[in-house]
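1. generate a structure from the sequence data that follows.
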Amino acid sequence: MAEHNDLGRLGEELAVTWLTNKGYRIVERNWKIGNDEIDIIALKERENDRFNRGAFLHFIEVKTRKESTIGHPEQAVNRKKFKTIQRVAGIYLRRHPGYAWIQYDVLAITIFVNREPEYFLIRDVFL
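-> Residues are numbered from 1 along each chain as shown. You can find the predicted model right below:
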């Protein structure tokens, strides 16, 4: 197996743990349509929700990189990748109707040699 695949799997495991600790309930992992997938689909109640909108369904793209001086993991999500995520999310929503509120997020994880991973959640992405 290629090293980048191992790093991606590690990142997704770290992401699930981190998101769960932040109050997300994981609904799906690696939800696929053909060769395209959404890394994580999760539910989370809105904090300070004065309008009582209920839980948001989050479509989360996880990007993991080793420590580097050349860019950040989140830079790997371009317009083409985002459009793919939107298309796959649309199929998911047609197959699983009833979610009033959705959101697209990117969770960037940087792995370091001598310290804990760094997490950077970009909420409500639109490209």
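2. the lengthiest helix in the chain: which residues count as buried?
-> When the chain is scanned for its longest helix (criterion: DSSP state H), the result is helix 3-21. Across helix 3-21, burial judged by 16 or more other CB atoms under 10 Å covers 8, 11, 12, 14, 15, 16, 18, 19. Where C-beta positions appear, they are placed from N, C-alpha and C, glycine not excepted.
3. with stretch 58-66 instead?
-> Buried-residue list, stretch 58-66, by 16+ other CB under 10 Å: 58, 59, 60, 61, 62, 63, 64, 65.
4. could I get the CA-only coordinates of that stretch as PDB?
-> Extracted C-alpha coordinates of stretch 58-66, given in PDB (Å, rounded to 0.1, in the frame of the first residue of the first chain):
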ATOM      1  CA  HIS A  58     -21.900  17.800   7.800                       C
ATOM      2  CA  PHE A  59     -20.100  16.500   4.700                       C
ATOM      3  CA  ILE A  60     -16.400  16.600   5.800                       C
ATOM      4  CA  GLU A  61     -13.400  16.300   3.600                       C
ATOM      5  CA  VAL A  62     -10.300  15.200   5.600                       C
ATOM      6  CA  LYS A  63      -6.900  16.200   4.300                       C
ATOM      7  CA  THR A  64      -3.800  15.000   6.100                       C
ATOM      8  CA  ARG A  65      -0.200  15.900   5.500                       C
ATOM      9  CA  LYS A  66       3.100  15.400   7.300                       C
END
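5. where does this protein have its least confident helix or strand?
-> Every helix and strand of the chain was ranked by mean pLDDT, DSSP states H and E. The lowest is helix 3-21, at a mean of 89.
6. the strands in the protein, which residues?
-> For the chain, strands defined by DSSP state E occupy the ranges 25-33, 36-45, 55-66, 102-111, 118-122.
7. let's have those strands in JSON lines, adding mean pLDDT and distance to residue 76.
-> As requested, the strands of the chain are arranged in JSON lines below (pLDDT from 0 to 100; distance: least, CB to CB, whole Å):
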{"stretch": "strand 25-33", "mean pLDDT": "97", "distance to residue 76": "17"}
{"stretch": "strand 36-45", "mean pLDDT": "95", "distance to residue 76": "12"}
{"stretch": "strand 55-66", "mean pLDDT": "94", "distance to residue 76": "5"}
{"stretch": "strand 102-111", "mean pLDDT": "96", "distance to residue 76": "9"}
{"stretch": "strand 118-122", "mean pLDDT": "96", "distance to residue 76": "12"}
